[in-house]
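Student: Here's my sequence, what's the structure:
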Amino acid sequence: MRKLLHSELLEKRISHEMAFSVKKHPVLLIVDSIRSVYNIGSIFRSADSAGIDEILLCGYSPIPPREDLSKTALGADETVAWRYYKECKDAIKECKEKGYTVLAVELTTNGIAYDALTSDHFPLALVVGNEVSGIDDSILTLCDGAIEIPMYGVKHSLNVAVASGIIMYEAVRAYRTHFNE
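Tutor: A predicted model of the protein is given here:
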């Protein structure tokens, strides 16, 4: 075993021009009022790697173009589709009108485990919230349910960018498993 060379990685990489024409997974990430530009940049980078369809940025979340965001995202802000909504509820409403299941990524009294997604959950929109307060209760009530990442240690939270990466990849794994992709 050896680490792949940069030139070998480049051979596997799609071009910026192709980024919007390749088939994406039917997963959206709704990002509500994340304050850190670095968390947003990291979310873009993970979304690009996972091949999700789009990011919906809401509230006071920083939006591209921003040099600090793009630097953290390694330019993924130019290869992942995104839209901005002043109100998260409008993004959720639009997703539901388009047939998406909307799941909050939050610890709740009635959430499903992150590895329990079924084919019925797709297309899927995942909602992540603020670094400190999580998803606002008024937004939580608009969701079809909640999905949670198990916590085995003392802390019962993850950085929002880390949690977003985990949940996007798990959603993509579930989709590819259920739909044989």
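
Student: Arg83 should be in a strand, yeah?
Tutor: Yes: per DSSP: H, G, I helix; E, B strand; the rest coil, Arg83 lies within a strand segment.

Student: For the protein, just list every one of the strands.
Tutor: 25-32, 52-58, 82-85, 101-105, 112-113, 124-128, 145-148 (DSSP state E).

Student: quick one: the residue most central in space within the chain from Ala171, how far?
Tutor: In the chain, the residue lying closest to the centroid (CA atoms, centre = their mean) is Leu29, at 3.6 Å. Distance, Leu29 to Ala171, using CB to CB, to the nearest Å: 9 Å. Quick note: C-beta positions are derived from backbone N, CA and C, even for glycine.

Student: hey, what's in contact with both of the two?
Tutor: Ile52, Leu126 (CB atoms under 8 Å, 6 or more residues apart in numbering).

Student: Please tell me how far the longest helix seen in the chain is from the chain's geometric centre.
Tutor: Longest helix of the chain, by residue count under DSSP state H: helix 160-178. Here helix 160-178 shows a centroid-to-chain-centroid distance of 8 Å under the convention CA atoms, centre = their mean, to the nearest Å.

Student: Specify the angle between that helix and strand 124-128 in degrees.
Tutor: 160 degrees (axes from the mean of the first three to the mean of the last three CA atoms, to 10 degrees).

Student: Pull out the buried positions in helix 160-178.
Tutor: 160-161, 163-165, 167-172, 174-175 (16 or more other CB atoms under 10 Å).

Student: Then stretch 24-44?
Tutor: By neighbour count on 16+ other CB under 10 Å, the buried set for stretch 24-44 is 24-34, 36-44.

Student: Return the distance of the nearest residue to Ala47 once chain neighbours are set aside relative to Ala116.
Tutor: Closest residue in space to Ala47, ignoring its immediate chain neighbours: Val80 at 4.9 Å, by CB to CB, 6 or more residues apart in numbering. Distance of Val80 to Ala116, given as CB to CB: 26 Å.

Student: more neighbours, these two?
Tutor: In terms of neighbours (other CB atoms under 10 Å), Val80 is the more surrounded of Val80 and Ala116; the figures are 26 against 12.

Student: State the distance from the more buried one to Leu74.
Tutor: 11 Å.

Student: what do you get for Ser164?
Tutor: Applying CB to CB to Ser164 and Leu74 gives a distance of 16 Å.

Student: what do you get for Asn180?
Tutor: Taken as CB to CB, the span from Asn180 to Leu74 is 31 Å.

Student: higher neighbour count, those two?
Tutor: Using other CB under 10 Å as the criterion, Asn180 and Leu74 rank with Leu74 on top: 15 against 5.

Student: wait, doesn't that one sit right on Ser46?
Tutor: No: counting by CB atoms under 8 Å, Ser46 is not a contact partner of Leu74; they are 10.8 Å apart.
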